[in-house]
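# this one's sequence-less:
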């Protein structure tokens with residue numbers, strides 16, 4: 001990521017889009033092992049940083065507005 005080299009794409013199997021609609025937030029953990037993305041489709045998805053494969057998804061009650069993060073934790077904000 002820091003070098004600017006293309007490393008992988010975060011895609012679902014069979015080349016499906018990661019989110020149906022706009023991606024509104026994305027954050028990686030400090031050790032570059034996990035990527036979390038949230039979108040207008042009301043899902044938060046968890047990804048393996050190294051291979052780009054999805055680990056899981058979490059349904060939300062509304063679209064993700066944004067992610068905020070610091071070194072100790074990250075915050076997810078949803079608004080209806």
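Done, it's in. If you're wondering where the values come from, they're calculated on a predicted model, not measured in any experiment.
# Run through the protein and note the low-pLDDT ranges.
Counting by pLDDT under 70, the chain has low-confidence residues at 1-13, 15, 70-80.
# Identify each of the strands in it and give its residue range.
Applying DSSP state E to the chain gives strands spanning 23-28, 34-39, 43-48, 54-59, 64-69, 74-78.
# do you know which of those lies nearest residue 14?
Closest to residue 14 of the strands of the chain is strand 54-59 (CB to CB; 12.0 Å). (Glycine included, C-beta is placed from N, CA and C.)
# coming back round to it: now the strands of the chain as CSV including mean neighbour count and distance to residue 17?
As requested, these are arranged in CSV below (neighbours: other CB atoms under 10 Å; distance: least, CB to CB, whole Å):
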stretch, mean neighbour count, distance to residue 17
strand 23-28, 16, 9
strand 34-39, 21, 9
strand 43-48, 18, 11
strand 54-59, 12, 12
strand 64-69, 16, 15
strand 74-78, 14, 20
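# Of the ones you listed, which is nearest residue 16?
Of the strands of the chain, nearest to residue 16 by CB to CB is strand 54-59, at 9.9 Å.
# Give me the sheet partners of the closest one and which way each runs.
If you go by DSSP bridges, strand 54-59 pairs up with strand 43-48 (antiparallel).
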